[in-house]
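Colleague: Please find the sequence and the predicted model below.
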Amino acid sequence: TLKSSEFNKGIINSPQQLLQGKVSGVNVTSATGEPGGALSITVRGPGGVRSGSTPLFVVDGLPLDNASTGGGDPLNFINPDDIESFDVLKDASATAIYGSRGANGVIIITTKKGKAGSSLLTLNTGIGFSRLANKIDVFNADEFRAQVPRIGGALDDKGGSTDWQDLATRTALTQNYNITLSGGTDKLVYFASFGTQRQEGIIKKNSLDRYTGRFNATQKLLDGRLIIEANLSVAQTKNVRPPITSVIGDALGNNPTYPAYDATGKPAVYQNVLNNPLVYFDLDKDKGTINRFIGNLSPSFKITKDLVYKLNFGVDNSNGVRDVQSLASATPPRDGRLD
């Protein structure tokens, strides 16, 4: 068990980052580093009984459907600020409870609950910055003009001096805002939260916007023998993805003597060479929106001191829309295209 007091601190963009490096045998890695990109998490190591290595995620008693995340982070709908603890089940303990679904391990996420007492309103904010740690060392314009003829190459000099890596990247801003309201009595406690996050990528035009809302309540009846728990969660994520591989490749390989912009101030287009990475930002589009609703109702009845009967009813519903526009060719003309 990993409790909130043991979580990683700082600007946290994904629930997996809270436990990264904190639990023995649990590995968390990022495949892309872009906002909203899938984080790979393994509990039993690669090559479990089931295909793949993604563990089963259980949130407040409800097993999640990871197939509806659009290839992104399966926990993107959870506000990290709402999480109270993680429990990690491995090997026989996971399959004994969850069957074959737990063959790759199980990560149980418990969200924060209300406590008896006066209503408590809290507001948490966080702002962070990220940037390219080290640029790849390539020729600048003057070095390019000197070295190409020296090795017998034909110099194609357009008279510019362009740092393509600088043009394609930025210092990215991350903003988190979370507000919670909790309280209750000895018989009824509640917790409500709303959070919003804006995370920019270091590649321009790459971003993730996340909006989350959560409500839970616990009611005790019949002198505490009957307990009814209700959990509701809604989330919307909006992701904007430029063709990052193409942008980076062209930023590294482009001729530094080529101007980035034409006479009209628009990104210049060159024939029979690598694309101007700014053209991708101008003409390419890949926007995705995912809406997700998760709710469960869990009544439990204490039959005897050592015997409790518990039911769990739940729903996990998601829908998404993706709008994609791509360059028709490697050297697209601007005239006649959407601009």
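Modeller: Received it, and whenever you're ready, just let me know what you need. As the structure is a computational prediction, the values presented were derived from the model and not from experiment.
Colleague: what's near enough to touch F313?
Modeller: Residues counted as contacts of F313 (CB atoms under 8 Å, 6 or more residues apart in numbering) are 296-298. Any C-beta I mention is one placed from the backbone N, CA and C, and that applies to glycine too.
Colleague: Looking at these, which is nearest K135?
Modeller: Set against K135, the nearest of the contacts of F313 by CB to CB is N296 (48.1 Å).
Colleague: Tell me who's in contact with the residue most central in space within the chain.
Modeller: Centroid-nearest residue in the chain: G36, 2.8 Å away (criterion: CA atoms, centre = their mean). G36 sits next to 72-73, 76, 199, 208, 237, 239 when contact means CB under 8 Å, 6+ apart.
Colleague: Max pairwise distance over those residues: which two?
Modeller: Longest distance between any two of the contacts of G36 is 12.4 Å, between G72 and Q199; criterion CB to CB.
Colleague: Could you check how many residues crowd around the closest residue to N176 other than its chain neighbours?
Modeller: Excluding the flanking residues, the one nearest N176 by CB to CB, 6 or more residues apart in numbering is G126, at 4.2 Å. Neighbour count for G126, taken as other CB atoms under 10 Å: 15.
Colleague: what's the answer for V247, then?
Modeller: V247 has 25 neighbouring residues, counting by other CB under 10 Å.
Colleague: Am I right that it is in a strand?
Modeller: No - with DSSP: H, G, I helix; E, B strand; the rest coil as the criterion, V247 is assigned helix and is not in a strand.
Colleague: Just to check, it is in contact with D282?
Modeller: No - contact criterion CB atoms under 8 Å: V247 and D282 do not qualify, at 11.7 Å.
Colleague: show me where pLDDT drops low in the stretch 151-300 of the chain?
Modeller: Along the stretch 151-300 of the chain, segments meeting pLDDT under 70 span 272-273.
Colleague: quick one, helices of it?
Modeller: Secondary structure of the stretch 151-300 of the chain (DSSP state H, counting those that start in this stretch): helices located at 164-168, 244-253, 277-283.
Colleague: Tell me how this protein divides into domains.
Modeller: Split into domains by automatic domain parsing, the chain comes to 2-111, 117-325.
Colleague: winner for burial among those?
Modeller: Among these, domain 2-111 has the highest mean neighbour count (mean count of other CB atoms under 10 Å), at a mean of 18.
Colleague: what sits against L311?
Modeller: 298-300.
Colleague: hmm, 6 Å instead?
Modeller: Each residue near L311 by CB atoms under 6 Å, 6 or more residues apart in numbering is listed here: P299.
Colleague: from memory G126 sits against I11, does it?
Modeller: Yes - using CB atoms under 6 Å, G126 is in contact with I11, at 5.3 Å.
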